[in-house]
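> Model the following, please.
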Amino acid sequence: MDCSCSMGAQVPDGRTKMELAAEGVVGALQLLNQRDEASVSMVDTETHVIFPMSPVAAGLPLDKVARGFSGGGGIYIGEGLREAKKQVLSSSRETRHVLLFSAAADSEQEADARWEKTVGELTAEKVTVSVIAMGSRSDSDAKLLEDIARRGNGRIYFAEDVTSLPRIFSQET
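Below is the predicted model:
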């Protein structure tokens, strides 16, 4: 998961955007079956592992996910993708998928575009990468996030209405 300060803003019902994102992640994790594995990380300028790759059957720390989405400036997508690669490749499951959540107007990338190499390495290992972008297709970083999903053989979702985040996370699961 990625986060930025702007994502802390409240929506009309009083919840923050990040609370809605956390609600979506918890809901998606609850849809997994007992044979699945999952991990959750939050990334701003560095990675914060909420929990590493773990079997669903052992019980996932959903309470940590629900309260673990906070952080400061910037969304370093390359950092997030590298952590996702580390986690997902530690799984021997046949089907492996990365879901990147980021802001369509605040997704920072390294100048050398190392994210492209990471996505290429993931797809070479038959891992798909989808993106949930908070914002719209007209936001400054939307094309970047669309490119990640395209190169990752995944899907892209734009959440212009942040209250749709829980539904989108569940849909992608």
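> Could I get the full set of strands for this structure?
Under the criterion DSSP state E, the chain contains strands at 37-43, 47-55, 96-103, 127-134, 153-159.
> May I see these organised as TSV, with mean neighbour count and distance to residue 20 added?
Heads up, the C-betas are built off the backbone N, CA and C, glycines and all. Output for the strands of the chain, formatted as TSV (neighbours: other CB atoms under 10 Å; distance: least, CB to CB, whole Å):
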stretch	mean neighbour count	distance to residue 20
strand 37-43	23	14
strand 47-55	16	16
strand 96-103	23	11
strand 127-134	24	9
strand 153-159	19	9
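> so can I have TSV of these showing distance to residue 85 and mean pLDDT?
Listed next are the strands of the chain as TSV, based on distance: least, CB to CB, whole Å; pLDDT from 0 to 100:
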stretch	distance to residue 85	mean pLDDT
strand 37-43	11	92
strand 47-55	11	93
strand 96-103	8	93
strand 127-134	8	95
strand 153-159	14	96
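> export the ones you listed to CSV and tack on distance to residue 64?
Output for those, formatted as CSV (distance: least, CB to CB, whole Å):
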stretch, distance to residue 64
strand 37-43, 8
strand 47-55, 5
strand 96-103, 16
strand 127-134, 20
strand 153-159, 23
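> So which of these is nearest residue 82?
Residue 82 sits nearest to strand 47-55 of all the strands of the chain, at 8.0 Å, using CB to CB.
> any residues touching the closest one, and which ones?
Strand 47-55 is contacted from outside by 1, 36-42, 60-61, 64-65, 68, 71, 79-80, 83, 87-88, 90-91, using CB atoms under 8 Å, 6 or more residues apart in numbering.
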